[in-house]
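Visitor: Pasting a predicted model and its sequence here:
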Amino acid sequence: MSEESTPGRAPRGKRMPPSYFRIQGSSLVKDLLAGADAVAGRSFLGSGGQAPGPAPMPAAAGVHPAEVADVPQVDVPRVDVPAADVPAAGGLPASPAAVPLGPLAPGCAEPGAPVDRPTGPWAHGAVHVSYADAKLRSSQWRAHGFRIAPDVLARLKTRVNRDRRTTGNPHLAIGHYVDAALRHMPGDVGALIAMAEEFGTGQLWDQERTQPSTYRVGRRAYALASGMKMQLQEADFGRRGTQVVSAGIETFLDALETEGPLQRPVKKP
């Protein structure tokens, strides 16, 4: 049933589209159609199906196109920039210059020089010198890694704690004793090897491994410990630094035991 035959409803007339949808019914439609014709004329559809070529570049002001075409091309020479100095594969850069450490403390010999160990008591005085040097020239003391045999290290810790009580000085440290021991080790490599071999003979059955420790020592001890590895390798005694250091500390502890409990140094009147 159509709307016109529906009872109770007035018949509707045919609706007309708005004027802006009718051709030539509004200036808006005319402008849209004219704009579309202009776009099509400029596209490849208006040029017979062939795409137009690139638009010519505008010439610079005051320059004729023929003059631009006649300008000769200049070959710019290639410049090879040298690469930075890089060490060869596996190589290392040169080591920095050695840092001056200043004058030695009293009682300290030059690095590598043989030490004349006194015939009388000397171990107590060595601790006094190391402690004073650490306080007066603390900037010259540097940290170095050491491996000390476990039984020697345990004995050294016991001695330091005992000397703290007898002197009333809680600032005594293991580094002071390591420094004192190294400063009084023989300066001859052969003597060091002989001392280390004697110590190693008594350590053959010990299975406990050493642990690396770091202590601050003075200039003389640091120089000896730093150059010890190379000296032992040159003497065909490499990888024995633990025995050398442990033997030196054990000898120093034996001297301390012989001299008795450590006391404060006697003040000068």
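Guide: Yep, it's here.

Visitor: burial of Leu232, as a residue count?
Guide: 20 (other C-beta atoms under 10 Å). No exception for glycine: its C-beta is placed from N, CA and C like everyone else's.

Visitor: Looking at it now. What's its pLDDT?
Guide: pLDDT, Leu232: 89.

Visitor: Just to check, it is in contact with Gly241?
Guide: Yes: using C-beta atoms under 8 Å, Leu232 is in contact with Gly241, at 6.4 Å.

Visitor: element containing the closest residue to Phe252 other than its chain neighbours, please.
Guide: Once flanking residues are discounted, Phe252 sits nearest to Ala181: 3.7 Å by C-beta to C-beta, 6 or more residues apart in numbering. Secondary structure from DSSP states H and E places Ala181 in helix 174-183.

Visitor: in stretch 217-234, what counts as buried?
Guide: Val217, Gly218, Arg219, Arg220, Ala221, Tyr222, Ala223, Leu224, Ala225, Met228, Gln231, Leu232 (16 or more other C-beta atoms under 10 Å).

Visitor: Let me see the contact set for the second one.
Guide: Spelled out, that is Gly218. Gly218 sits next to Ala105, Cys108, Ser130, Asp133, Ala134, Arg137, Gln140, Trp141, Asp179, Arg183 when contact means C-beta atoms under 8 Å, 6 or more residues apart in numbering.

Visitor: is it true that the last one touches Ala123?
Guide: No: in this structure, Arg183 sits apart from Ala123 without contact. The criterion is C-beta under 8 Å, and the distance is 11.4 Å.

Visitor: how much space between Arg164 and Ser246?
Guide: 22 Å (C-beta to C-beta, to the nearest Å).

Visitor: Between these two, point out the one with more neighbours.
Guide: The residue with more neighbours, out of Arg164 and Ser246, is Ser246; 26 against 15, by other C-beta under 10 Å.

Visitor: give the contact list for the more buried one.
Guide: Counting by C-beta under 8 Å, 6+ apart, Ser246 has contacts Ile148, Ala149, Val152, Phe199, Gln203.

Visitor: ok and the helix or strand containing it relative to helix 174-183, angle-wise?
Guide: Here Ser246, judged by DSSP H and E, is contained in helix 241-259. Angle of helix 241-259 versus helix 174-183, following axes from the mean of the first three to the mean of the last three C-alpha atoms, to 10 degrees, is 100 degrees.

Visitor: model confidence over helix 241-259, on average?
Guide: Here the average pLDDT along helix 241-259 is 95.

Visitor: residue boundaries of the strands in the stretch 151-269 of the chain?
Guide: Secondary structure of the stretch 151-269 of the chain (DSSP state E, counting those that start in this stretch): strands at 212-217.
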